[in-house]
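Student: Sequence and predicted model, in that order:
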Amino acid sequence: MSTSTGLNIIHFTNKLSQYSSITLFVIGTIGNLLNILVFISLKLFRNNQCAFYFTVESISNIFLITNSLAIYLLASMGNYDVAILSILWCKLRSILFVSCTVITLYTICFSGIDQYLSTSHLFFLRQLSTIKLARCLTIIIVIISLLHTIPFVIFLDIQQGVCTVFHPQMVNYISYIYYPVLIGFLPMTITLIFSLLAYQNVRRIIRRQIPVVRRRLDQQLTAMVLIRIIIFLILTLPFTCLQMYTYLTKITPSSNFYIFAIENLVSSIVATLLNLNYAISFYMFCIAFQRFRRQVKHVLIKKYWRRCKLWCFFVELLNKDWHLPCTTPLSQSHKHMCKAAHFIFL
């Protein structure tokens, strides 16, 4: 009885994982690409450190949700987890997950720290907030995250139908340091402390003689960092706690299949929440901030949509084989179009 119930739970879990991973991949990829588009297109954000961190985080998020989709699609195509048959895929998916998770979480930390520095009333702290430092910190965290995957590559193994770490010392590191500290309470604490300090600084900005544009930008970015941190705390904490429990109990299908199926279902739900953390930042920014909505509208409609329409117009002219020299008597608007067409296509 318990075996058949466990099989039904496993079947339901697989369906839930497939549909949720596809949905999150679609909305997450669109949202993160729009984040990148807005932050690199607007001159207001182009050389801003916090916007740079948001861009790096969005790139890392795309890799994370793509990795999640690949895991569930490969499992659904063959009705089994490819990671329990291929040690290469077992290690590769763990490398992507571990490295990109560290990059995403610590770029969130850096964005909170940077907002505190850039809004500080102390001049020497404001001097530390530079785009050069942001790029250096990003390079450093990428290198550290890749080096950190080396022990996982060495100790990951497939035993009893499970792709995981079985080495006792490595299990202790994952259970007591990696999940609770490195990607758990340490980034949560850092981001929470510095975002609150930055919020206090922004409230004092009104008393200082700062241009209105800079003041509004600092207020907007600080509020965006706060929203991002709240999402991060709510959606990441359950996964951290569950992973600690999973590595400590080490329940396998052969030991107790029913309990294994229940844990598998809970893990799927928690993993969906975690992937939601990597997918919804753009939508939360749009919901929470009217100014960000105007900025997105400006980028999509006034910049790229108009360029797209102009490009389509010129393509239509070329398809009609309309090659008129610019010396032909035309209206002023047609002369500008002719020159622009020559500039684009020659």
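Tutor: Perfect, I can see it now. Numbering: from 1, shown residues only.
Student: check contacts around residue 63.
Tutor: Counting by C-beta atoms under 8 Å, 6 or more residues apart in numbering, residue 63 touches 96, 100. For glycine as for every other residue, the C-beta is placed from the backbone atoms N, C-alpha and C.
Student: and with 6 Å instead?
Tutor: Residue 63 makes contact with residue 100, according to C-beta atoms under 6 Å, 6 or more residues apart in numbering.
Student: Quick check: which element contains it?
Tutor: helix 49-78 (DSSP states H and E).
Student: Could you pull out the buried residues of the helix or strand following that helix?
Tutor: From helix 49-78 onward toward the C-terminus, using DSSP H and E, the following helix or strand is helix 87-118. By 16 or more other C-beta atoms under 10 Å, the buried positions in helix 87-118 come out as 89-118.
Student: hang on, residue 41 packs against residue 299?
Tutor: Yes. Residue 41 lies in contact with residue 299 (C-beta atoms under 6 Å); the separation is 4.9 Å.
Student: Now stretch 122-135: buried residues?
Tutor: Buried, per 16+ other C-beta under 10 Å, within stretch 122-135: 129, 134.
Student: So which helix or strand of this structure has the lowest pLDDT on average?
Tutor: Sorting the helices and strands of the chain by mean pLDDT, DSSP states H and E puts helix 332-345 at the bottom, at a mean of 48.
Student: show me what contacts the residue lying closest to residue 134 once chain neighbours are set aside?
Tutor: Among residues not flanking residue 134 along the chain, residue 49 sits closest, at 4.1 Å (C-beta to C-beta, 6 or more residues apart in numbering). Residue 49 makes contact with 114, 129, 131, 134, according to C-beta under 6 Å, 6+ apart.
Student: Narrow those residues to those in helices?
Tutor: With DSSP state H as the criterion, helices contain 114, 131, 134 from among the contacts of residue 49.
Student: ok, the first one - contacts?
Tutor: Taking C-beta under 6 Å, 6+ apart as the contact definition, residue 114 lies against 49-50, 129.
Student: do residue 155 as well
Tutor: Residue 155 touches 165, 167, 170, counting by C-beta under 6 Å, 6+ apart.
Student: what's the neighbour count on the first one?
Tutor: Yep, that's residue 165 we're talking about. Neighbourhood size, residue 165 [other C-beta atoms under 10 Å]: 20.
Student: what's the average pLDDT for the helix or strand hosting residue 220?
Tutor: According to DSSP H and E, residue 220 maps onto helix 212-249. The average pLDDT within helix 212-249 is 81.
Student: Off-centre distance for it?
Tutor: 11 Å (C-alpha atoms, centre = their mean, to the nearest Å).
Student: I'd like the next helix or strand past that helix.
Tutor: Taking DSSP H and E as the definition, the helix or strand right after helix 212-249 is helix 257-277.
Student: relative to helix 87-118, how tilted is the helix holding residue 220?
Tutor: Per axes from the mean of the first three to the mean of the last three C-alpha atoms, to 10 degrees, the angle that helix 212-249 makes with helix 87-118 is 140 degrees.
Student: Flag every buried residue along helix 212-249.
Tutor: Applying 16+ other C-beta under 10 Å to helix 212-249 flags 217-229, 231-232, 235-237, 239-240, 242-244, 246-247 as buried.
Student: Which other helices and strands does it contact?
Tutor: In this structure, helix 212-249 packs against helix 87-118, helix 186-205, helix 257-277, helix 281-288, with contacts taken as 3 or more C-beta pairs under 6 Å, 6 or more residues apart in numbering; DSSP states H and E.
Student: With respect to residue 28, which of the contacts of residue 114 is nearest?
Tutor: Comparing these against residue 28 with C-beta to C-beta picks out residue 50 as the nearest, at 21.0 Å.
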